[in-house]
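> Structure of the sequence below:
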Amino acid sequence: MIIKKSPEQIEAMKRSGALSARVLREIGARCQPGVSTWDLDVFAEAFIRDNGGVPTFKGYCGYPCSICASVNDEIVHGIPSKKRILREGDIISIDTGATVDGWAGDNAWTFAVGEVSAQAQRLLEVTEACMWAGIEAARAGGRVGDIGYAVSKVARAAGMGVVREYTGHGIGRSMHEDPDVPNFGLRRTGPRLEAGMVLAIEPMITLGSHKTRDGSDGWLVTTRDGSLAAHFEKTVAISNDGPVLVSD
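Now for the predicted structure:
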């Protein structure tokens, strides 16, 4: 069931979205060589709690940490570790969630650690462009498939893979609500987009194949061919005047 939000509820969601986006920016500035992903997680939890929120991810379906930190060929759901030390040339996807007054905020960004290869930088640029294309397609009167079509069109034009098993989603009082928002699809298919819907749009793009592999910890997802992956996400409300950023 798709749960639409009132204008007042969307304004309330902007507070959680803003905190989630703020901690994401703070973490991004700390993604430097020599820093562990565990250090980033410790910082994130303290920052969220000190600013009136609760880490949305921690304890969700048993997830043990406050952020997801996925490095290089890791697509999503990387569990922070004291042993995972960032190195020059890495890319790292950070996914943050903050709950404020019962509303969940969710967004992600992939950061370069120091100087990265031209291919890696191109991947970051294309994946971010995919996200913005998906957001632009999130318009009342359209369909969910319009979002996925817009995302995949950008990725495929660049010769990159579009992860299929993991998608965006509705969001509100719960972090994951209906509908699923795939990053591929056909225009004019899927649920109709209506004012009041709030969606997390989150392309996951690879330099190689779209095929994935599940890690032994039950959380981590990597590219099957070992190619680099990137993940960008923002939460967006559908309005009669176009998409409205909720996490910004």
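> need the helices for this protein, in chain order.
7-29, 37-50, 118-136, 144-157 (DSSP state H).
> Give the ranges of residues in this protein that sit below the confidence cut-off.
Within the chain, no stretch has pLDDT under 70.
> contacting residues around residue 45?
By Cβ atoms under 8 Å, 6 or more residues apart in numbering, the contact list for residue 45 reads 55, 58, 66. For the C-beta atoms, the positions are set from N, CA and C on the backbone; glycine is no exception.
> wait, which of those residues is closest to residue 12?
residue 55 (18.4 Å; Cβ to Cβ).
> Tell me, how many residues neighbour that closest one?
24 (other Cβ atoms under 10 Å).
> Tell me how many other residues crowd the nearest residue to it once chain neighbours are set aside.
Residue nearest to residue 55 in three dimensions, not counting chain neighbours: residue 66, with 3.7 Å by Cβ to Cβ, 6 or more residues apart in numbering. The number of residues packed near residue 66 is 26, by other Cβ under 10 Å.
> likewise the one 4 residues further on?
A count of neighbours around residue 70, defined by other Cβ under 10 Å, yields 28.
> List the beta-bridge partners for it.
residue 93 (DSSP bridges).
> still on that earlier bit, with the contacts of residue 45 in mind, which one is nearest to residue 246?
Checking the contacts of residue 45 against residue 246 with Cβ to Cβ, the nearest one is residue 55 at 18.0 Å.
> which residues does that closest one contact?
Counted by Cβ under 8 Å, 6+ apart, residue 55 has contacts 44-45, 48-49, 66-67, 97-99.
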